[in-house]
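> Got a sequence here, can you build the structure:
(chains A and B)
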Amino acid sequence: MVTPRTAWLFLAPALLVLALVAGWPLGRTIFFSLTDARLDALEEWRFLGLTNYAFLLTDPDWWGAVQVTLVFAVVSVSIETVLGLVIALTLNARMRGRGVVRAAMLVPWAIPTVVSAQMWAWMLHDQHGVVNAALLGIGAIAQPLAWTAEPGLALAAVIAVDVWKSTPFMALLTLAALQLVPNELYEAAKVDGLGPVGTFFRITLPLIWPALLVAILFRTLDALRVFDLMYVLTGNSRATASMSVHARQLLVDFQDVGYGSAAATMVALVVALVAVALVTLGRLRLSPAGRA
Amino acid sequence: MRRLLGRLGFALLVALILFYTLFPFYWAVVSSLKSGADLFLVEAWPRAPAWGNYVAVFQEQPFGRNILNSIFVAGVVVLVSLTLAASAAFALARVSFRGRGFLLGTLLCVSMFPQVAVLSGLFELIRALGLYNNLLGLALSYLIFTLPFTIWVLTAFLRELPLELEEAAAMDGATPFVTLTRIFLPLMAPAMVTTGLLAFIAAWNEFLFALTLTLTNEMRTVPVAIAMITGASRYELPWGLIMAASVIVTVPLVLLVLVFQRRLVAGLTAGAVKG
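Numbers count the residues shown, from 1 in each chain, chains lettered A, B, ... in the order given. Sure thing, here's the model as predicted:
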């Protein structure tokens, strides 16, 4: 048998690496957030206390970024959950070629976000994009729309691209949960005369709910730290700048490491708060439970 | 009649899902095969398909180098993550000790952590180690997100294996190291392939660190290269080139997904899905 002492020996390499690349940088970021360090001269700093945070809390750009991120996370995760559920229910039916459809769904999830952002940026191009051409063709719009440049449309465009890329993830996780529902339950429901709608709300949904919640949790935390999508699709535009985009702009473009680190620390805090809230509200128990 | 309509509706739904998922790829392929002003015409298939963009992306950009960079970084990340994670997962899954639950919880938190929160500290660290604008610096920083989830998924897998394995090994007087390498490692092979693939894809796709920790065209990875492709004019992006580059990096991923789809889905759902 392996003793606890030996167990720590086996853990040590991984924990040391994580302490070096995650723990230490996080600590330094929090430290920087209390100073006025600049990117070109990280060694020359003055201690400022909580001044950066005080500024941040009165900075309309920061609150704009918080609002954008929250709207993005809530809207895109909601759509992805519902759409993912619909797709999963469709794929759960016995049919030929299910494997092909499932493989096709994995592709948007597997490609880099940068690639999906570029593909959609071209499709949503104001003058030569296929989306405008199609909408003009069916008469839905009278003139081409500047999807990624118009502040009122840009966030919707960003959400649409995220829905396209992340719905497959939700659908596949939901499908995995659906396949665990025992067939006898459906047969029993049929015998009891429960219609398809009743079966869904009384049997399917309660049984897959825990798995669905975990998927929602992961997607939400992922959405809250979104960076690539906005950075590529709409640049640093205020209308779509997420918390991460805003923090990186302060850090790198404005070279303001102190203020930027304060923003970055707040991003972590917001994500942590949402995670705690979701886990508590959903009464989730997270443990490596084996291959479900 | 009703059954027929039902089946028709179902087929339509499946077709709609496929169209929604695949149309952007189709459009990227079509656009990448157009040259000059043809690009600005909306048509289902280019009238004169041309490979020009695919040649140009390698000539006008160091795109070949970018691909090699990405393969190198992702390869190193997968090797290091799997080695460290196999050892750590062995301890977490097969030994009960104080603080195990706390450790697993911490790992899950780290894997969900917003990357931007470590950015300034990481920038300082990478520069102090002399790894700025260096592929090894990128590989090191990627361990932040690959290591926690590889440990987590491998732990989930190892927990499933029967207890008799260690008992038999202990009877034979095997040391813990031999138990891990000779008994568990061969059994872990399928799980290692799955987690390795997930880690590879995560490292291949990463953007924020790659953007911030590299400086020159030659050191960029594929996502940064594709995000930064610019043409002769500042105002008109070379969309044909960008689409060609996008298609080039998508094709290997499509093949990977086709070959390993069962494993990828199993890996995605492993670990945390049981609520």
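
> Contacts only, for A:Leu26.
By CB atoms under 8 Å, 6 or more residues apart in numbering or on different chains, the contact set of A:Leu26 is A:268, B:113, B:117-118, B:121. Quick note: C-beta positions are derived from backbone N, CA and C, even for glycine.

> From the centre of the chain outward, give me the first residue you hit.
The chain I'm using is chain A. In chain A, the residue lying closest to the centroid (CA atoms, centre = their mean) is A:Ala223, at 2.2 Å.

> that's the other chain; I wanted chain B
Chain B has B:Ile201 as the residue nearest its centroid, 1.2 Å off, counting by CA atoms, centre = their mean.

> Helices along the stretch 1-150 of chain B, start to end?
B:2-32, B:52-59, B:63-94, B:100-111, B:119-128, B:135-159 (DSSP state H, counting those that start in this stretch).

> cool, the stretch 1-150 of chain A as well?
Taking DSSP H, counting those that start in this stretch as the test, the helices found in the stretch 1-150 of chain A are A:4-18, A:24-32, A:51-57, A:60-92, A:98-110, A:113-123, A:130-137.

> ok, now the stretch 151-275 of chain B?
Secondary structure of the stretch 151-275 of chain B by DSSP H, counting those that start in this stretch: the helices cover B:164-171, B:176-178, B:185-205, B:208-213, B:222-228, B:239-269.

> As JSON lines, the ones you listed with distance to chain A would be great.
Formatted as JSON lines, the helices of the stretch 151-275 of chain B follow (distance: least, CB to the nearest CB, whole Å):
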{"stretch": "helix B:164-171", "distance to chain A": "6"}
{"stretch": "helix B:176-178", "distance to chain A": "5"}
{"stretch": "helix B:185-205", "distance to chain A": "4"}
{"stretch": "helix B:208-213", "distance to chain A": "5"}
{"stretch": "helix B:222-228", "distance to chain A": "4"}
{"stretch": "helix B:239-269", "distance to chain A": "4"}
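
> Least reliable of these by average pLDDT, please.
Mean pLDDT values for those show the minimum at helix B:164-171, a mean of 82.

> Please report how far the residue lying closest to B:Val95 once chain neighbours are set aside lies from A:Val107.
Once flanking residues are discounted, B:Val95 sits nearest to A:Ala7: 4.0 Å by CB to CB, 6 or more residues apart in numbering or on different chains. Using CB to CB, to the nearest Å, one gets 40 Å for the distance from A:Ala7 to A:Val107.

> Quick one: residues contacting the residue nearest to B:Val95.
Residues in contact with A:Ala7 (CB under 8 Å, 6+ apart) are B:91-92, B:95, B:97.

> Apply 6 Å and report the result again.
A:Ala7 sits next to B:91, B:95, B:97 when contact means CB atoms under 6 Å, 6 or more residues apart in numbering or on different chains.

> For the residues you listed, pick the one with the most neighbours.
B:Ala91 (26 neighbours; other CB atoms under 10 Å in any protein chain shown).

> Just the pLDDT at that one, thanks.
Value for B:Ala91, per-residue pLDDT: 93.

> That one is in contact with A:Phe10, isn't it?
Yes - here B:Ala91 reaches A:Phe10: they are 4.0 Å apart, a contact under CB atoms under 6 Å.

> Show me which of the contacts of A:Ala7 is closest to B:Leu39.
Nearest to B:Leu39 out of these is B:Ala91 (CB to CB; 55.9 Å).

> and the closest one, what does it touch?
B:Ala91 neighbours (CB under 6 Å, 6+ apart): A:7, A:10-11.

> For the stretch 51-200 of chain B, which residues are neighbours of chain A?
By CB under 6 Å from any CB of the partner chain, the residues of the stretch 51-200 of chain B that approach chain A are B:84, B:87-88, B:90-91, B:95, B:97, B:110, B:112, B:114, B:116-118, B:120-122, B:124-125, B:140, B:143-144, B:147, B:152, B:155-156, B:159-160, B:170, B:176.

> Excluding chain neighbours, what is closest to the residue nearest to the centre of chain B?
Per CB to CB, 6+ apart, closest to B:Ile201 is A:Ala110, 5.7 Å.

> And the pLDDT at that neighbour?
88.

> and it, how many neighbours does it have?
23.

> can I assume it is in contact with B:Leu253?
Yes - if you go by CB under 6 Å, A:Ala110 and B:Leu253 touch, sitting 4.7 Å apart.

> Against chain B, how distant is A:Ala103?
Look at A:Ala103 and chain B: by CB to the nearest CB, to the nearest Å, they are 5 Å apart.

> cool, and A:Glu184?
Taking CB to the nearest CB, one finds A:Glu184 at 20 Å from chain B.

> What about that residue, how many residues nearby?
Neighbour count for A:Glu184, taken as other CB under 10 Å: 8.
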